[in-house]
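S.K.: sequence and predicted model, in that order:
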Amino acid sequence: MAVPSKDVKMQNSDERYARMREFSRVDANVPFAVRLVPPEERQGIRSKISGETVLAEYQTLTDVEDKLLSDWLKMLNAKLDSLINMLTFQREGFGSLPFAQINISGGGLGFTSMEPYNRGDVLEIKMILPMMPPVALYIYGEVVKVDKQINSHAIAVKFIAMDEDMRDEIVKFVFRRQREMLREKRR
């Protein structure tokens, strides 16, 4: 059996990196933290939206015949959902995340790190997308590229263990951010 040469391995890696770039990308400054996932924790990892398990327990309200009452109940329900999300964010440590400059797309993200990660490392990324309402995410990614800089490392991560609903949330954020950037240019 032939062993792929280093050039073939690099080409395959570059192709994976290019596929990750199929999605639109934007720069953003968001609450962000990264943790290296040890090999013993990698089995069964799954990216998730914070609080999705809490809110999944509750059923949506059925419409009440009185339109005014129905609108009022929906408003109260939205406020309660918002409070539950804020409490969940605080309990899971999202409220104390430092801000970081990232470059994000539906396929992955790039960030600068003082930590020297290696290609193939699996990272747990904890971040909040500033949307209405804010979306707090636990995302898993595989390091696909590391560039040594003067005092840091430029890290490129390909998302793994992610369902399409989560990817859609990220893509919505990217498009929203692109619209904001276009508006700013017109001014």
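M.R.: Cool, got the structure. Numbering: from 1, shown residues only.
S.K.: do you know the pLDDT at residue 79?
M.R.: With respect to pLDDT, residue 79 has a value of 75.
S.K.: now do residue 113
M.R.: With respect to pLDDT, residue 113 scores 94.
S.K.: repeat that for residue 20.
M.R.: For residue 20, the model assigns a pLDDT of 48.
S.K.: same deal with residue 16?
M.R.: Reported pLDDT for residue 16: 49.
S.K.: what's the single longest strand in the protein?
M.R.: strand 135-148 (DSSP state E).
S.K.: low-confidence ranges in this structure?
M.R.: Scanning the chain for pLDDT under 70 picks out 1-21, 51-62, 81-94.
S.K.: and if we set it to 50?
M.R.: By pLDDT under 50, the low-scoring segments of the chain are 1-10, 16-17, 19-20, 53-57.
S.K.: all helices of it, in order?
M.R.: If DSSP state H is used as the criterion, the helices of the chain fall at 6-20, 52-56, 67-91, 164-186.
S.K.: for residue 146, see how far away the residue lying closest to residue 30 once chain neighbours are set aside is.
M.R.: Of all residues not flanking residue 30 in the chain, residue 127 sits nearest, at 5.4 Å (CB to CB, 6 or more residues apart in numbering). C-betas here are computed from N, CA, C, even on glycine. Distance, residue 127 to residue 146, by CB to CB, to the nearest Å: 20 Å.
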